[in-house]
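[1] would you be able to build a 3D model of this:
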Amino acid sequence: MSFQAYLDNIETKTGRTPRQLVDEAHEKGFDANTKATPIIEWLAADYGLGRGHAMALVHVITKGPQISEKHVGTDGTHSDVTNVLWLDGKATNPNP
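    Numbering: from 1, shown residues only. Here you go, the predicted structure:
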């Protein structure tokens, strides 16, 4: 599953866009200095997300939407179309 697919699935599971969840995380004080565990615990408690989906959000919350070029345009299962993740909802993603 691509990084973007994880974020799209999170939106389906929670009814919230990745951007909304990132904004909520920042309101809770989570940022680049936050370890993964408290974020994972929050996402599990409030949204029922498992570790894999939560870790995708941990990356975005702590590092932003930029991802490594190593999976962009590859043939692997984790291939993404672009190195910048779309956070504003799967229905409006210009890179389906």
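[2] geometric centre of the chain: which residue is closest?
    Nearest to the mean C-alpha position of the chain, by Cα atoms, centre = their mean, lies residue 57 at 3.4 Å.
[3] give me the helices and strands touching the helix or strand hosting that residue, please.
    Residue 57 is part of helix 51-63, with elements assigned from DSSP states H and E. When contacts are defined as 3 or more Cβ pairs under 8 Å, 6 or more residues apart in numbering; DSSP states H and E, helix 51-63 sits against helix 3-14, helix 18-27, helix 36-47. Backbone N, C-alpha and C define where each C-beta goes, glycine included.
[4] out of the ones you listed, nearest to residue 82?
    Taking Cβ to Cβ as the criterion, residue 82 comes closest to helix 3-14 out of the helices and strands packed on helix 51-63, the separation being 8.2 Å.
[5] show residues contacting that closest one.
    Under the contact criterion Cβ atoms under 8 Å, 6 or more residues apart in numbering, helix 3-14 has outside partners 1, 16-18, 21, 47-49, 52-53, 56-57, 59-60, 67, 71, 78, 80-81, 85-87, 89-90, 93, 95.
[6] repeat that for stretch 46-53.
    Stretch 46-53 is contacted from outside by 6, 9, 10, 13, 14, 16, 21, 40, 43, 44, 57, using Cβ under 8 Å, 6+ apart.
[7] at 10 Å instead, please
    Stretch 46-53 is contacted from outside by 1, 6-7, 9-10, 13-16, 21, 24, 28, 36, 40, 42-44, 54-58, using Cβ atoms under 10 Å, 6 or more residues apart in numbering.
[8] now list the buried members of those.
    When the contacts of stretch 46-53 are checked for burial by 16 or more other Cβ atoms under 10 Å, the buried set is 6-7, 9-10, 14, 21, 24, 40, 42-43, 54, 56-58.
[9] quick one: which of these is nearest to residue 32?
    Among the buried ones among the contacts of stretch 46-53, residue 58 lies closest to residue 32 (Cβ to Cβ), at 11.0 Å.
[10] was I right about that closest one contacting residue 41?
    No. Using Cβ atoms under 10 Å as the test, residue 58 is too far from residue 41 to be in contact (11.0 Å).
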